[in-house]
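> Make a model of this:
(chains A and B)
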Number of protein chains: 2
Amino acid sequence: MTVRLYQVAVDALDPAALARFWAAVLGHRILLESAGEVVVGADEHAYPGLVFVPVAERRKGKNRLHLDLVPDDRGAEVARLLALSATPADVGQPVDAGWTVLADPEGNEFCVLDPKRSLLG
Amino acid sequence: MTVRLYQVAVDALDPAALARFWAAVLGHRILLESAGEVVVGADEHAYPGLVFVPVAERRKGKNRLHLDLVPDDRGAEVARLLALSATPADVGQPVDAGWTVLADPEGNEFCVLDPKRSLLG
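Below is the predicted model of the structure:
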């Protein structure tokens, strides 16, 4: 293999704050922090990590890319994420979808899947 | 750990075509294909994978989230990606940035980093 998916970069109004939210979501650490980027990952050798980069512009409408999380227990995980300051989001999903749509503190939508919807063995 | 980053979901006008582009980029396979989603990954047990989901709307401006790739050789990798139908993209990056910005066939920006810019050991 000559190339690997290394990280997902997220434009942020407040990279330091958004990085800490996502580190708490994933149980990850802040691996690097500078004026230009804040890197979150399990450790230096794990990837993809997340990198938060400063921008001045606010989001405009639904994101084209979003993150899907798979929990052990969707209900318990959604409760934990709401307590971390995630908010419910409506992107037109079915009422009884097999996933819950939330938004991070800057409004980026993400999904918490039912474990049974994943391909993971 | 109670939750994991499972996949990155990408809204697509043509999920089947965009999934094949990204499978070729990453050397991954199409793991699942239905009218509602096309899943790309190294195998069923590797994650994050990518999932392409159909939408009717075109992109509006720069994506809030994007993928960063790390290659063994940036110049060779960029040449390979351009041959796969990636196109150069300008998001205001410095002329001599340590990364190359490209766009996939639907215009989603992504970056090819210099190997030395990554934290990977």
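
> quick one, longest strand in chain A?
strand A:3-12 (DSSP state E).

> partners of that one, with directions?
Strand pairing for strand A:3-12, using DSSP bridges, gives strand A:49-54 (parallel), strand B:65-71 (antiparallel).

> Which one of those strands lies nearest to residue B:42?
Relative to residue B:42, the nearest member of these by CB to CB is strand B:65-71, separated by 14.0 Å. Quick note: C-beta positions are derived from backbone N, CA and C, even for glycine.

> And that closest one, how far out from the chain middle?
On the basis of CA atoms, centre = their mean, to the nearest Å, strand B:65-71 sits 7 Å off its chain's mean C-alpha point.

> likewise stretch A:18-26?
Centre to centre, stretch against its chain (CA atoms, centre = their mean), the figure for stretch A:18-26 is 8 Å.

> I'd like to know the average pLDDT value across that stretch.
Mean pLDDT, computed over stretch A:18-26, is 97.

> Pull out the buried positions in it.
A:18-23, A:25-26 (16 or more other CB atoms under 10 Å in any protein chain shown).

> So, low pLDDT: which residues of chain A?
Applying pLDDT under 70 to chain A flags the ranges A:1, A:120-121.

> Please go through it and pick out the longest helix.
In chain A, taking DSSP state H as the definition, the longest helix is helix A:15-26.

> circling back to that earlier point, can you lay out the buried residues of stretch A:18-26 as a markdown table showing distance to residue A:83?
Shown next, in a markdown table, are these (distance: CB to CB, whole Å):
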| residue | distance to residue A:83 |
| --- | --- |
| A:18 | 17 |
| A:19 | 18 |
| A:20 | 15 |
| A:21 | 12 |
| A:22 | 15 |
| A:23 | 15 |
| A:25 | 11 |
| A:26 | 15 |
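
> Residues touching the longest helix of chain A, excluding its own?
For helix A:15-26, the external contacting residues (CB atoms under 8 Å, 6 or more residues apart in numbering or on different chains) are A:10, A:12, A:28-30, A:33, A:37-40, A:42, A:50, A:52-54, A:69, A:81, A:84-86, A:104-106, B:3-5.

> Repeat the analysis, applying 7 Å as the threshold.
A:10, A:12, A:29-30, A:33, A:38, A:40, A:50, A:52-54, A:81, A:84-85, A:104-106, B:3, B:5 (CB atoms under 7 Å, 6 or more residues apart in numbering or on different chains).

> Stretch A:108-120 too?
A:10, A:62-63, A:66-72, A:74, A:77-78, A:81, A:89, A:91, A:98-104, B:6, B:31-32, B:39, B:44-45, B:47, B:64.

> I'd like to know which of these are buried.
Looking at the contacts of stretch A:108-120 with 16+ other CB under 10 Å, the buried ones turn out to be A:10, A:62-63, A:66-71, A:74, A:77-78, A:81, A:89, A:99-104, B:6, B:31-32, B:39, B:47, B:64.

> Doesn't residue A:57 belong to a strand?
No. Under DSSP: H, G, I helix; E, B strand; the rest coil, residue A:57 sits outside any strand and is assigned coil.

> Can you report how many residues neighbour it?
10 (other CB atoms under 10 Å in any protein chain shown).

> I'd like the distance between the closest residue to it other than its chain neighbours and residue A:64.
Distances taken as CB to CB, 6 or more residues apart in numbering or on different chains place residue A:11 nearest to residue A:57, at 7.5 Å, with adjacent residues excluded. Distance from residue A:11 to residue A:64, counting by CB to CB, to the nearest Å: 12 Å.
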